[in-house]
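Visitor: 3D, please:
(2 chains)
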Amino acid sequence: MAQLTLHDSLTRSTAPFVPLDPAHVRVYYCGPTVYDLLHIGNLRAMLTADVLVRLLRRLYPRVTFVRNITDVDDKINARAAELGIGIAALADGTIAELHADLAAAGVLPPDIEPRATHHVGEMIALIASLVASGYAYAAEGHVLFSVRHFPEYGRLSGRNPDELLAGARVEVAPYKRDPGDFVLWKPSTSELPGWDSPWGRGRPGWHIECSAMAERYLGASFDIHGGGSDLLFPHHENERAQSLCGYPGSSFATVWLHNAMLNVEGEKMSKSLGNFRTIRDVLQDAPAEALRLLLLGTHYRSVLDFTRAGLDKARHTLDRFYRAIQHSGADAEGPVPDEVLHALCQDLNSPAAIAVMHRLADAAMAGRQSAGEGLRAAGRLVGLLQADPEQWFRAGTDADAVEQAIAERLAARKARDFARADAIRARLLADGVVLEDGPAGTTWRRA
RNA sequence: GGUCCGGUGGCAGAGUGGUGAUGCAGCGGACUGCAAAUCCGCGAAUGUGGGUUCGAUUCCCGCCCGGACCUCCA
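Guide: As a prediction, the model looks like this:
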């Protein structure tokens, strides 16, 4: 069996992945904050996790993948107030949209998708334990984690706690003992969502939810924790501090996986630049597999540039793969080719796996059915090539009308009236249908 | 200011201490009424200056350039 190696952000090195329990691999990913539709940056993180989990499921007998939903947060409060609805209603609606978008994008659902608001009790218990053991303190209705009590603080993100605040852009709240201390619990006014706690009515800080939910579903020590690289600090650094101090003797995550960010047409995606692309938006004008192939075309730890041209190219590549499958006569999946598995096992090297798929496509095009079957199998491992080729090439077209036009054109060609034949072909092309004349007659597909 | 990451052919994008994947684009050819698709062939790259080494794109140092993060953005 291929040995999986992964890059660990904590050690900043790539090493063989050794599960705590080979019979049961456990993965936690930080999921979205549900106040708006998912964008393609969110999707990149989800997709990295998706490929990781698909691969782990091939390599190990049992995998539990937990991806949380943050449904209590100041941004949610603000948006709910803006819309004049409750946070639960906003969260429920957003979660339904999120599930629809991810299903459309071909992202498999996690095994467990815990919501923060359903685990406030666990968070309060964890905070109480941190207070009792001296790692946290209450002040003015807040509970704060005391960074100075955790000597390893800063190790994950490579930061020196003493220097951390030197360039910070925020004012330090007066109730903090050290500027780097972060909030575990904060008070809520009567109009804000809140829960009763030993420190009064309030709501949890952002970081504590992941510590509590990861422990609840995976145990205090588990295998892989992932998320976008922007979460490395402070979110993951803080989670790690909370969990290591709150669950003595535990190791929290063995491997920390972080995917790089995504740009749009060369610029950072941001609301102010107006280049924010939601999944839904992109799927309006490209098949989901094209979006997926585009994202997998760059290694997850490199910054990826999302471009319209790239999306079109991805679609043409898929045309080539589907054509090869069709040509090889592969109507079923074969075993996953070793080269593909091997590529993915090298720290999820999806671009290398895609390169192998191109070679398989060459062989399939040459008529090797087993190559076509291998291509399909490789596709499934990375969530591609799941459509029926016929469907892929002809979805959204009026087959009867096209067949009729082809018959007319054939008659024109037989009469050597090429002007008329070409006019028919041009008309179909304008309607998004491409004709291909082969020895066996004329075939067609959408452009 | 601090920390970190990266600079590979026209473009996208892997890998590697010893003749630099893969795709797109380009060029020549086959096929075609013309195309499309497919096939054959061709040209084309490791930011910069040093160091280590028999040999560096790969390791080390300086420089230049780009990017990310620095308290709640995947």
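Visitor: quick one: residue A:102 is in a helix?
Guide: Yes - with DSSP: H, G, I helix; E, B strand; the rest coil as the criterion, residue A:102 is assigned to a helix.
Visitor: OK, contacts around it?
Guide: A:38, A:43, A:46, A:109, A:279 (Cβ atoms under 8 Å, 6 or more residues apart in numbering). In short, each C-beta sits where N, CA and C put it, glycine included.
Visitor: switch to 7 Å and redo it
Guide: Shown in contact with residue A:102 (Cβ atoms under 7 Å, 6 or more residues apart in numbering): residue A:46.
Visitor: pretty sure residue A:77 is in contact with residue A:87, am I right?
Guide: Yes - if you go by Cβ atoms under 7 Å, residue A:77 and residue A:87 touch, sitting 6.2 Å apart.
Visitor: which neighbours do these two share?
Guide: Shared contacts of residue A:77 and residue A:87, counting by Cβ under 7 Å, 6+ apart, come down to residue A:193.
Visitor: which one of those two has more residues nearby?
Guide: The neighbour count for residue A:77 versus residue A:87, taken as other Cβ atoms under 10 Å, is higher for residue A:87 (21 against 18).
Visitor: The more buried one and residue A:95, how far apart?
Guide: 12 Å (Cβ to Cβ, to the nearest Å).
Visitor: Over to residue A:147?
Guide: 33 Å.
Visitor: more neighbours, the two?
Guide: residue A:147 (23 against 16).
Visitor: tally of neighbours for the single nearest residue of the stretch 151-300 of chain A relative to RNA strand B?
Guide: Residue nearest to RNA strand B within the stretch 151-300 of chain A (Cβ to the nearest atom of the strand): residue A:228, separated by 1.8 Å. Using other Cβ under 10 Å, residue A:228 is surrounded by 20 other residues.
Visitor: So what sits opposite it in the bridge?
Guide: For residue A:228, the beta-bridge partners are residue A:259 (DSSP bridges).
Visitor: ok, it to residue A:194 distance?
Guide: 29 Å.
Visitor: mind checking which helix or strand the residue positioned nearest the centre of chain A is in?
Guide: Taking Cα atoms, centre = their mean, the centroid of chain A lies closest to residue A:46, which sits 1.3 Å from it. Counting by DSSP states H and E, the element that carries residue A:46 is helix A:40-59.
Visitor: Distance from the chain centre to that helix, please.
Guide: Its chain's C-alpha centre and that of helix A:40-59 lie 6 Å apart, by Cα atoms, centre = their mean, to the nearest Å.
Visitor: Same question for stretch A:72-89.
Guide: On Cα atoms, centre = their mean, the centre of stretch A:72-89 falls 24 Å from that of its chain.
Visitor: Pull the number of nearby residues for the residue in the stretch 1-150 of chain A that RNA strand B sits nearest to.
Guide: Across the stretch 1-150 of chain A, the shortest distance to RNA strand B (Cβ to the nearest atom of the strand) belongs to residue A:41, at 2.4 Å. Look at residue A:41: counted by other Cβ under 10 Å, it has 23 neighbours.
Visitor: May I have the residues that are in contact with the residue lying closest to it once chain neighbours are set aside?
Guide: The shortest distance from residue A:41 to any non-neighbouring residue, by Cβ to Cβ, 6 or more residues apart in numbering, is to residue A:262 (4.9 Å). By Cβ under 7 Å, 6+ apart, the contact set of residue A:262 is A:40-41, A:44, A:269, A:304, A:306.
Visitor: re earlier: so how far is residue A:44 from the residue of the stretch 151-300 of chain A closest to RNA strand B?
Guide: For residue A:228, the distance to residue A:44 - Cβ to Cβ - is 8 Å.
Visitor: what do those two both touch?
Guide: With Cβ under 7 Å, 6+ apart as the test, residue A:228 and residue A:44 both reach residue A:259.
Visitor: In terms of helix, strand or coil, where does residue A:214 fall?
Guide: Three-state assignment for residue A:214 (three-state DSSP): helix.
Visitor: So what does the spatially closest residue to it that is not a sequence neighbour look like in phi/psi?
Guide: Excluding the flanking residues, the one nearest residue A:214 by Cβ to Cβ, 6+ apart is residue A:28, at 4.6 Å. When quoted as degrees, to the nearest 10, the phi and psi of residue A:28 stand at phi -120, psi 130.
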